[in-house]
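Enquirer: Give me the fold of what follows.
(one chain, ligands or ions: 1)
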Amino acid sequence: MARRTIFDKLGGAGNVRAAVDKFYEKILADPSISHFFSSIDMKKQKAKQFQMMSLVFGGPNEYKGRDMYTAHKHLPLTDAHFDAVAGHFVSTLNELGVEKAVVEEATAVVASTRGQVLGREKPPGAAP
Ligand code: HEM
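Expert: The predicted structure is shown next:
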């Protein structure tokens, strides 16, 4: 039997899209982080986030955006910002009724991006 990816376990593209919508509603309603998105085109951002989530969750690889280091290096982000975003991600999946083990697996993938998002780690293959 083929390995089931997190993308499949979440229920495929429709659910991942629903998760992205809910996730952004939470981010935009959170005054500790919403200002980072004030001049961002959320339609494009959601599309990129969808592609990114599909990719990290083992779904179709259609991600055309920048790596996580390059996408965030101009932003003064702290661990608190990262924790806020990661927290909204977990509550989104919980509210959608995603199984606990799948939430944990998906959260571990998001957690693995912390070093690059906060500028501490460069992407693989980057100049030192
Ligand atoms: C938790 C892990 C995170 C992931 C997986 C993630 C993912 C992404 C992706 C896929 C993009 C689009 C990249 C591109 O335009 O090529 C992006 C851009 C962006 N992210 Fe994140 N992000 C994360 C954390 C954060 C945090 C903590 C913040 C701020 C609170 C943030 C704020 C932004 C902003 C403002 C942009 C747009 C940058 C621009 O176009 O100028 N992200 N992120």
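Enquirer: in stretch 15-30, what counts as buried?
Expert: For stretch 15-30, burial by neighbour count (16 or more other CB atoms under 10 Å) applies to 15, 16, 17, 19, 20, 22, 23, 24, 26, 27. Any C-beta I mention is one placed from the backbone N, CA and C, and that applies to glycine too.
Enquirer: What of stretch 83-100?
Expert: Neighbour-count burial for stretch 83-100 flags 84, 85, 86, 88, 89, 92, 93, 96, 98 (criterion: 16+ other CB under 10 Å).
Enquirer: ok, and which of those residues reach the ligand?
Expert: 85, 86 (CB under 6 Å from any ligand atom).
Enquirer: will you turn the buried residues of stretch 83-100 into JSON lines that also has pLDDT?
Expert: Putting those into JSON lines (pLDDT from 0 to 100) gives the following:
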{"residue": "84", "pLDDT": "97"}
{"residue": "85", "pLDDT": "95"}
{"residue": "86", "pLDDT": "94"}
{"residue": "88", "pLDDT": "94"}
{"residue": "89", "pLDDT": "92"}
{"residue": "92", "pLDDT": "92"}
{"residue": "93", "pLDDT": "90"}
{"residue": "96", "pLDDT": "87"}
{"residue": "98", "pLDDT": "86"}
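Enquirer: I'd like the buried residues of stretch 83-100 as a markdown table, with secondary structure appended.
Expert: Shown next, in a markdown table, are the buried residues of stretch 83-100 (DSSP: H, G, I helix; E, B strand; the rest coil):
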| residue | secondary structure |
| --- | --- |
| 84 | helix |
| 85 | helix |
| 86 | helix |
| 88 | helix |
| 89 | helix |
| 92 | helix |
| 93 | helix |
| 96 | coil |
| 98 | coil |
